[in-house]
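Visitor: Generate coordinates for the sequence data below:
(one chain, ligands or ions: 2)
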Amino acid sequence: MGILRRKKLTDDLQLQNVTYKWAQELLDQAVANTWFPKEIPLADDLENWKKMTQEEKDAVTMYIGFSNPCEFEVNESIMHGMMPFVSAPEIQMYLVRQMWEEVNHSMTFTYIMNTLEIDRSKAFNLHTAVEEVHAKESFLTDSIKKMATGDINIDTVEGIQDFIRNIIKTNIVTEGIWFYTGFMFALSFRQRGLMRNLGSLTDWIARDEALHLKVGINMILTILEEYPEVATEEFADEIRDIVLEAVRLEQNYNKKLIPNGILGMNTEFINNYVEYVADRRLVELGFPPHFNTPNPAKWMATANDTYQLVNFFEAQNTSYEVNAGK
Ligand SMILES: [Fe+2]
Ligand SMILES: [Fe+2]
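Guide: Numbers count the residues shown, from 1 in each chain. Ligands and ions are numbered 1, 2, ... in the order given. Below is the predicted model of the structure:
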């Protein structure tokens with residue numbers, strides 16, 4: 001029995017055998033990372049906010065207005081695009097935990113909006129009012145809708161490819177590229193001595209998202225190993241094109257996010273970061289890098305780098321083994 005459910009109940013509901021140890025290890029790590037937004041008071045940030053320019057405030061509003069609905073869209077993707085087709089209970093458990101984390105992230109954005117008195121309707125109407133926001137959202141929701149309403153037959157090559165396409169758009173693109181631009185944007189305020197506590201909340205969200213991304217990559221690589229018939233050259237080209245299209249959408253969006261530049265950062269800077277992150281994801285999926293753009297925000301490499309977070313996880317894992325041996 002492989003990673004996919006094949007239209008029947010999971011055989012091992014007792015979890016006697018853990019097939020995908022990475023899922024259980026990442027679940028342990030996720031639980032160890034548990035946090036709640038109100039652990040971090042935002043009073044100092046409110047003082048900063050009052051002194052910020054309208055353009056800076058508009059950019060933060062747009063960032064939250066795009067990111068908050070994405071938390072629910074990722075959960076829709078898990079509910080309709082992953083859970084119905086995944087067989088292994090250890091992966092199901094991880095995905096349930098992830099859904100709670102997405103809710104916690106949404107509650108964090110609500111906490112920030114309430115504290116800073118950001119107009120909720122203004123923020124949340126952006127996805128229909130601003131074409132560049134709408135384009136990103138449609139790109140993501142198209143694949144979720146297909147998983148929810150299409151007749152996906154996971155016993156066919158086409159069905160498995162649909163499953164992978166949806167993970168690419170949800171995990172690799174949304175959580176692994178678009179959110180990283182958002183983290184870099186939000187943390188740029190802290191780099192300038194502003195919104196320090198928003199920065200701490202962003203660190204925590206980024207730490208969760210690094211694990212979500214890792215699970216997505218592991219699921220894709222496991223499926224390609226278990227069902228090699230889906231990994232055609234055409235499909236590989238299609239996956240790479242999806243990532244490149246997502247970069248284009250993100251770069252258009254960033255022109256709207258900071259049209260005149262803020263915090264010493266212009267659109268070109270932020271879009272170079274998008275290319276750098278997209279290359280990382282392509283390499284993680286087994287493709288050569290496409291852009292070869294160096295990281296313009298070197299400080300992100302130490303603050304919120306996926307690779308380091310994964311290494312951190314591996315270090316933790318080793319220490320568990322040491323403890324187990326005592
Ligand atoms: Fe999230
Ligand atoms: Fe996530």
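Visitor: ok, and what's touching the strand or helix carrying residue 45?
Guide: Following DSSP states H and E, one finds residue 45 within helix 43-51. Here helix 43-51 makes contact (C-beta atoms under 8 Å, 6 or more residues apart in numbering) with 57, 115, 116, 189, 194, 195, 196, 197, 198. (Each C-beta comes from the backbone N, C-alpha and C, glycine too.)
Visitor: which one of these is nearest residue 5?
Guide: residue 198 (40.0 Å; C-beta to C-beta).
Visitor: neighbours around the residue of the stretch 101-250 of the chain found nearest ligand 1, how many?
Guide: Here the stretch 101-250 of the chain gets closest to ligand 1 at one residue, residue 105, 3.8 Å apart by C-beta to the ion. By other C-beta atoms under 10 Å, 23 other residues sit near residue 105.
Visitor: and it, what is it in contact with?
Guide: With C-beta under 8 Å, 6+ apart, residue 105 has these contacts: 67, 71, 205, 208.
Visitor: Dump those into CSV; add distance to residue 97 as well.
Guide: Below are these laid out as CSV (distance: C-beta to C-beta, whole Å):
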residue, distance to residue 97
67, 20
71, 14
205, 15
208, 10
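Visitor: can I assume residue 133 is in contact with residue 126?
Guide: Yes. Using C-beta atoms under 8 Å, residue 133 is in contact with residue 126, at 4.9 Å.
Visitor: I would like the residues contacting stretch 59-72, please.
Guide: Taking C-beta under 8 Å, 6+ apart as the rule, stretch 59-72 contacts 52, 102-103, 105-106, 109-110, 112-113, 116, 118-119, 122-127, 130, 133, 136-137, 140, 174, 178-179, 182, 185-186, 189, 253, 256-258, 262.
Visitor: In PyMOL, select just the buried ones from the residues you listed.
Guide: Those of the contacts of stretch 59-72 that count as buried under 16 or more other C-beta atoms under 10 Å are selected in PyMOL with:
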select buried, resi 52+102+105+106+109+112+113+116+118+123+124+126+127+130+133+136+137+140+174+178+179+182+185+186+189+253+256+257+258+262
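Visitor: This completes my enquiry, with thanks.
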